[in-house]
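Peer 1: Pasted the sequence and its predicted model underneath.
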Amino acid sequence: MDLVIYLIHSLFLFVIFKSLIALFQNSKNKDSMNKPPEALEVTKTPVIEKILVKDLECNREIDRSKAYILIKNKQEYYFCCWDCRNKYLLRHGQV
Ligand SMILES: [Zn+2]
């Protein structure tokens, strides 16, 4: 019987100990809540500058950095692939 009492007693102490820790943490949280809130860090999504250009041959919108560029009469023309570029050149004459 002594063992049972001992177990209950230790369990009781454990519960008190845990609630004391919880209380302590709560008061700590309240303290931090009283402090002026730090500036919320706005998570910035990296802005990748993606300039979309239109392929004159297949009318597809493509990323400028991945486009095939044809410079004609000081103007830039963009194409999704070399084939489109060539097709355009065939239709409109060489540079
Ligand atoms: Zn194309």
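Peer 2: Good, I have the coordinates.
Peer 1: Every contact and neighbour count from this point should use C-alpha atoms.
Peer 2: Will do.
Peer 1: contacting residues for R85?
Peer 2: E57, Y68, I69, L70, Y78, F79 (Cα atoms under 8 Å, 6 or more residues apart in numbering).
Peer 1: could you give me the average pLDDT of the helix or strand that contains the fifth one?
Peer 2: This points to Y78. In this structure, Y78 sits in strand 75-79 according to DSSP states H and E. On average, the pLDDT along strand 75-79 is 94.
Peer 1: what's in contact with it?
Peer 2: Surrounding strand 75-79, the residues in contact under the criterion Cα under 8 Å, 6+ apart are 53-57, 62, 64, 67-71, 85.
Peer 1: Pull the distance from it to the chain's centre.
Peer 2: If you compare the mean C-alpha spot of strand 75-79 with that of the full chain, they lie 32 Å apart, counting by Cα atoms, centre = their mean, to the nearest Å.
Peer 1: Check stretch 66-81 too.
Peer 2: For stretch 66-81, the distance to the chain centre is 32 Å (Cα atoms, centre = their mean).
Peer 1: Let's test this: mean pLDDT of the lengthiest helix in the chain, rounded?
Peer 2: Using DSSP state H to define each element, the chain has its longest helix at helix 2-34. Helix 2-34 carries an average pLDDT of 76.
Peer 1: The chain should start at 693 in everything you say after this.
Peer 2: Let's use 693 as the start, then, which means that last one is helix 694-726.
Peer 1: And the next helix or strand past it?
Peer 2: Counting by DSSP H and E, the next helix or strand C-terminal to helix 694-726 is strand 744-746.
Peer 1: Counting by contacts, list what whatever helix or strand comes next after that next one packs against.
Peer 2: Toward the C-terminal end, the helix or strand that comes next after strand 744-746 (DSSP H and E) is strand 753-755. Counting contacts by 3 or more Cα pairs under 8 Å, 6 or more residues apart in numbering; DSSP states H and E, strand 753-755 packs against strand 744-746.
Peer 1: Need the mean per-residue confidence for the strand it packs on.
Peer 2: 95.
Peer 1: quick one: strands adjacent to it?
Peer 2: Strand pairing for strand 744-746, determined by DSSP bridges: strand 753-755 (antiparallel).
Peer 1: circling back: could you dump the contacts of R777 into JSON lines with distance to V707 added?
Peer 2: Below are those laid out as JSON lines (distance: Cα to Cα, whole Å):
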{"residue": "E749", "distance to V707": "76"}
{"residue": "Y760", "distance to V707": "71"}
{"residue": "I761", "distance to V707": "73"}
{"residue": "L762", "distance to V707": "77"}
{"residue": "Y770", "distance to V707": "72"}
{"residue": "F771", "distance to V707": "72"}
